[in-house]
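J.: Fold the stuff below for me.
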Amino acid sequence: SWMFARMGFEQASCEEASVIPCLSARFESEIQSRLVMVPRIVRSGELEKARQLINEVIDLLHRGIECGGIVDPWNILAFQGLFPLFFTREDSIPDSRVEVLLDIMGQIFDVCSLTMSEASAAGRKDLHEAVLHDFRTLAEQWDRYATTTVNDLTHVEGIKSVEAATQVARVLAEWRTAGESAGDISFWRQHVEDFDATSSFAQVVTALLDRNDHVAAMGLLMQWLSRAETVALENGPHSIHRMLHRLLQCICDQPDEIQRWSSLRRLFAFMEANAGSCWEIPSLGEFAEQRKKDRKGGKDAKDDLDLEHLFDRDDSEENLLEAAWDDVTYRDSTDDGNASDTMDGPSSPGTTEFEMLYRQIEPRLKFLHTVGSLWGIAAVCVARSAATSETAADQKEHLREWLASIRSRLNGMGELVREVRDYEIPSMGSGLEGNIEYDVQMQCRFLLMQNALSTTVEFLMAERLIGAVIAEDPAGSKDSVSLDRQLSRLSG
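T.: So this is what the prediction gives:
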């Protein structure tokens, strides 16, 4: 059904979906077959048909929830994204239906935003307002379920998506009215500060890359990267990693060799300048130490100074008994992260020590993995093009700089792998709940190790590719070792 929808055979897609015997699979296929057709229909200018498909999708969504074919959104908050087989937590399993629903909601919000943007650019204000009304109604209903409060699930926010879509539609309409001039950095500089959502950056960059405007796309991506602490680099289907790969492909497809090499150099230089801490290898020890400080309140000795009563009259007789408490600091022994007076069960999912560490380190590892992949693709691009005498020396110099940077990161990745391997997860007791929490933390540790090794392999492959381009033997450098030796050293 999905394949026929992507190929443009709407009738065949609907026929295939309608004969699926499983209720949940039939609803999902009916919805997805319409969702994948909307972008193609919008690009062809059939905006009325696109709105009709969106209305059909929303109707199918409500019908699926009412009849049980799609999971009830209230279950996400009630069961924390789990499916309870029995009464206790250890008898619960991840509910795959939740991921399906979150994916569907994200796609619905995306096609609404796309249709609004195209309607606004085409001057169809009536259609823009009609889609916005349906979009806002659905978003308000969705936000009531508070799905973003559940850890480790994709955050799909309703009203925030509406605000981002409205903003993107306005900006893209102004851009197209101004002539869609390629490389017009000054235009985007006026609006980039208004972007405060992952979807806003992703949708605008996608529109620019669709028109092969890699100059403006690169500028917006670097702005996004520089605001990584406030704007997530990835959320649902929107990801800066995918956008960076699309941008690099756009650069590699440039016919002019000098301009292509110049754009490659600028891309990696801008990433290094704007990535901030994401460009550096994370340290598990530093994050663990910071977690301990945060748990203790993060107060230094100088923070104990009472500035409010600094100039009060000092009465030694009245404060005689208070002097005994001068060196005593209050610590709330009930501050265990739970707002209730009593705690009926173990720590809630996603709040154990190593889960918190994993959640902090994983996004940075994912970005570094992308950087290693981009270096490898850039090396292949350089190898395929015959460098002229004007660029050959410059290419070799910058490739050597990239190689040195990769080797420095390999050393850091080796240290991170050893930190994860040697990290001791404290025992939570011999009871059932303690064993469950210990097992959850061990799984997070193995996931972090897997991500660290995957990133290391990506850097090692980039090192080999760049070394092959500049005809340098990796084993000939004292700062580098072969792939087999590096992996053996990490696992040793």
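J.: CA only for contacts and neighbour counts going forward, please
T.: Will do.
J.: For burial, what's the neighbour tally of Glu163?
T.: A count of nearby residues for Glu163, using other CA atoms under 10 Å, gives 16.
J.: same check, this time on the one 10 residues further on
T.: Other residues near Ala173 number 19, with proximity taken as other CA under 10 Å.
J.: nearest spatial neighbour of it, skipping sequence neighbours?
T.: Ala121 (4.4 Å; CA to CA, 6 or more residues apart in numbering).
J.: Quick one, grab the pLDDT at that neighbour.
T.: We have a pLDDT of 78 for Ala121.
J.: ok, it - contacts?
T.: For Ala121, the contact set (CA atoms under 8 Å, 6 or more residues apart in numbering) comprises Ala169, Leu172, Ala173, Glu174, Arg176, Thr177.
J.: same check, this time on Thr455
T.: Counting by CA under 8 Å, 6+ apart, Thr455 has contacts Leu365, Lys366, Leu368, His369, Gly372, Met413.
J.: Any of these buried? List them.
T.: Buried residues within the contacts of Thr455, counting neighbours by 16 or more other CA atoms under 10 Å: Leu365, Lys366, Leu368, His369, Gly372, Met413.
J.: hang on, the first one packs against Asn451?
T.: Yes. When contacts are counted by CA atoms under 8 Å, Leu365 is listed as touching Asn451 (6.9 Å).
J.: you'd agree Ser120 is up against Arg170?
T.: Yes. Ser120 lies in contact with Arg170 (CA under 8 Å); the separation is 7.2 Å.
J.: So for these two, which residue has more residues nearby?
T.: Ser120 (22 against 15).
J.: any idea which element that one lies in?
T.: helix 96-121 (DSSP states H and E).
J.: Where does the prediction get shaky in the stretch 351-492 of the chain?
T.: Flagging of the stretch 351-492 of the chain using pLDDT under 70 yields the residue ranges 351, 386-391, 472-492.
J.: Break down it into its helices, ranges please.
T.: 353-384, 389-422, 432-469, 483-491 (DSSP state H, counting those that start in this stretch).
J.: ok, Ile20 - how many residues close by?
T.: Around Ile20 there are 15 residues (other CA under 10 Å).
J.: Distance of it relative to Ser427?
T.: Per CA to CA, to the nearest Å, Ile20 is found 48 Å from Ser427.
J.: okay, the residue most central in space within the chain: pLDDT?
T.: When the chain is reduced to its mean C-alpha position, the nearest residue by CA atoms, centre = their mean turns out to be Glu234, at 1.7 Å. We note a pLDDT of 88 for Glu234 in this prediction.
J.: Look up the closest residue to it, ignoring the ones flanking it.
T.: Nearest to Glu234 is Ile240, by CA to CA, 6+ apart, at 6.2 Å.
J.: Now do the contacts for the one you found.
T.: Ala202, Leu221, Leu233, Glu234.
J.: just the buried members of those?
T.: Ala202, Leu221, Leu233, Glu234.
J.: Please narrow those to those residing in strands.
T.: Judged by DSSP state E, the buried ones among the contacts of Ile240 include Glu234 as members of strands.
J.: Dump the buried ones among the contacts of Ile240 to CSV, plus distance to Ala12.
T.: Below are those laid out as CSV (distance: CA to CA, whole Å):
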residue, distance to Ala12
Ala202, 32
Leu221, 39
Leu233, 37
Glu234, 34
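J.: What is the nearest of the buried ones among the contacts of Ile240 to Arg266?
T.: Leu221 (12.6 Å; CA to CA).
J.: that older thread, gap between the residue nearest to Ala173 and Phe187?
T.: Distance from Ala121 to Phe187, by CA to CA: 16 Å.
J.: Same question for Ser113.
T.: 21 Å.
J.: Could you do Ala197 as well?
T.: 19 Å.
J.: quick one, which of the two is more surrounded?
T.: Ala197 (19 against 16).
J.: Pretty sure Glu163 is one of the things the more buried one touches, is it not?
T.: No. When contacts are counted by CA under 8 Å, Ala197 is not listed as touching Glu163 (9.3 Å).
J.: sorry, back to before: show me which of the contacts of Thr455 is closest to Ala471.
T.: The closest of the contacts of Thr455, once distances to Ala471 are taken by CA to CA, is Gly372, at 19.4 Å.
J.: residues in contact with that closest one?
T.: Ile406, Thr455, Glu458, Phe459, Ala462.
J.: Out of those residues, grab the one that's most surrounded.
T.: Phe459 (29 neighbours).
J.: Can you tell me the closest non-neighbouring residue to it?
T.: For Phe459, the closest residue by CA to CA, 6+ apart turns out to be Gly372, at 4.9 Å.
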